[in-house]
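**Student:** Could you work out the structure for the sequence below:
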Amino acid sequence: AMLAGDDADLWKALVLTVVRRRFHSRSPEARADAKSEAEDEAALGDGERLIFYVAFVVILHLLREDGHHGLAAKAASVLCSLAPLAGGSRDTCTLLELAAYD
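**Tutor:** Below you'll find the predicted structure:
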(Lines give C-alpha, C1' and ligand atoms only; values in the text may rest on other atoms or scores of the structure.)
Protein backbone atom coordinates (compact mmCIF):
# COMPACT_ATOMS: atom_id res chain seq x y z
CA ALA A 1 0.00 0.00 0.00
CA MET A 2 1.48 3.26 -1.09
CA LEU A 3 -0.31 5.33 1.55
CA ALA A 4 2.30 4.71 4.23
CA GLY A 5 4.33 1.89 2.74
CA ASP A 6 6.07 -0.37 5.23
CA ASP A 7 6.66 2.37 7.80
CA ALA A 8 4.79 1.44 10.97
CA ASP A 9 5.17 4.97 12.35
CA LEU A 10 3.37 6.44 9.33
CA TRP A 11 0.50 3.97 9.76
CA LYS A 12 0.35 4.81 13.46
CA ALA A 13 0.24 8.53 12.68
CA LEU A 14 -2.53 7.97 10.15
CA VAL A 15 -4.71 6.04 12.58
CA LEU A 16 -4.04 8.42 15.46
CA THR A 17 -4.87 11.43 13.30
CA VAL A 18 -8.17 9.89 12.24
CA VAL A 19 -9.33 8.96 15.74
CA ARG A 20 -7.89 11.93 17.67
CA ARG A 21 -10.78 14.27 16.94
CA ARG A 22 -13.38 11.57 17.59
CA PHE A 23 -11.93 10.83 21.02
CA HIS A 24 -11.21 14.45 21.87
CA SER A 25 -14.83 15.43 21.23
CA ARG A 26 -15.81 12.93 23.94
CA SER A 27 -13.30 14.17 26.52
CA PRO A 28 -14.40 16.22 29.56
CA GLU A 29 -12.30 19.16 28.34
CA ALA A 30 -14.00 19.18 24.96
CA ARG A 31 -17.44 18.92 26.52
CA ALA A 32 -16.69 21.89 28.76
CA ASP A 33 -15.45 23.89 25.78
CA ALA A 34 -18.53 22.95 23.77
CA LYS A 35 -20.83 24.12 26.56
CA SER A 36 -19.03 27.46 26.75
CA GLU A 37 -19.08 27.90 22.96
CA ALA A 38 -22.40 26.81 21.48
CA GLU A 39 -21.15 27.00 17.88
CA ASP A 40 -18.54 24.32 18.60
CA GLU A 41 -21.31 21.87 19.41
CA ALA A 42 -22.54 22.04 15.82
CA ALA A 43 -19.02 21.43 14.50
CA LEU A 44 -18.50 18.21 16.47
CA GLY A 45 -19.80 14.86 15.41
CA ASP A 46 -20.70 14.16 11.81
CA GLY A 47 -17.60 15.71 10.22
CA GLU A 48 -15.29 13.64 12.38
CA ARG A 49 -17.51 10.62 11.90
CA LEU A 50 -17.32 11.00 8.12
CA ILE A 51 -13.51 11.31 8.22
CA PHE A 52 -13.42 8.15 10.35
CA TYR A 53 -15.56 6.28 7.81
CA VAL A 54 -13.67 7.54 4.75
CA ALA A 55 -10.32 6.58 6.28
CA PHE A 56 -11.64 3.08 6.98
CA VAL A 57 -12.93 2.72 3.40
CA VAL A 58 -9.59 3.90 1.96
CA ILE A 59 -7.69 1.41 4.12
CA LEU A 60 -10.06 -1.38 3.07
CA HIS A 61 -9.54 -0.41 -0.57
CA LEU A 62 -5.78 -0.66 -0.07
CA LEU A 63 -6.22 -4.10 1.47
CA ARG A 64 -8.34 -5.29 -1.42
CA GLU A 65 -5.72 -4.10 -3.91
CA ASP A 66 -2.77 -5.45 -1.92
CA GLY A 67 -4.33 -8.00 0.43
CA HIS A 68 -1.10 -9.13 2.04
CA HIS A 69 -0.16 -5.73 3.47
CA GLY A 70 -0.04 -6.36 7.22
CA LEU A 71 0.16 -2.74 8.33
CA ALA A 72 -3.01 -1.75 6.45
CA ALA A 73 -4.76 -4.75 7.99
CA LYS A 74 -3.59 -3.69 11.44
CA ALA A 75 -4.74 -0.10 10.83
CA ALA A 76 -8.21 -1.33 9.80
CA SER A 77 -8.29 -3.58 12.86
CA VAL A 78 -7.39 -0.70 15.16
CA LEU A 79 -10.10 1.52 13.68
CA CYS A 80 -12.62 -1.29 14.18
CA SER A 81 -11.57 -1.84 17.77
CA LEU A 82 -11.76 1.88 18.53
CA ALA A 83 -15.14 2.41 16.85
CA PRO A 84 -17.23 1.45 19.92
CA LEU A 85 -15.23 3.84 22.08
CA ALA A 86 -15.10 6.66 19.53
CA GLY A 87 -18.67 6.58 18.30
CA GLY A 88 -20.57 3.76 19.92
CA SER A 89 -22.74 1.26 18.14
CA ARG A 90 -23.48 3.67 15.29
CA ASP A 91 -19.83 3.71 14.20
CA THR A 92 -19.42 -0.02 14.78
CA CYS A 93 -22.43 -0.89 12.64
CA THR A 94 -21.38 1.49 9.89
CA LEU A 95 -17.87 0.02 9.71
CA LEU A 96 -19.38 -3.45 9.46
CA GLU A 97 -21.65 -2.31 6.64
CA LEU A 98 -18.78 -0.60 4.81
CA ALA A 99 -16.59 -3.72 5.14
CA ALA A 100 -19.35 -5.85 3.57
CA TYR A 101 -19.41 -3.84 0.32
CA ASP A 102 -17.05 -4.58 -2.55
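**Student:** Next secondary structure element downstream of the least confident helix or strand in the chain by mean pLDDT?
**Tutor:** Sorting the helices and strands of the chain by mean pLDDT, DSSP states H and E puts helix 38-43 at the bottom, at a mean of 51. Next along the chain after helix 38-43, taking DSSP states H and E as the criterion, comes helix 46-65.
**Student:** which is the next helix or strand following that following helix?
**Tutor:** helix 70-100.
**Student:** what's that next one packed up against?
**Tutor:** Helix 70-100 sits against helix 8-24, helix 46-65, with contacts defined as 3 or more CB pairs under 8 Å, 6 or more residues apart in numbering; DSSP states H and E. No exception for glycine: its C-beta is placed from N, CA and C like everyone else's.
**Student:** What mean pLDDT does the longest one get?
**Tutor:** This points to helix 46-65. Across helix 46-65, pLDDT averages out at 82.
**Student:** Going by neighbour count, which residues in that helix are buried?
**Tutor:** 48-49, 52-53, 55-56, 58-60, 62-63 (16 or more other CB atoms under 10 Å).
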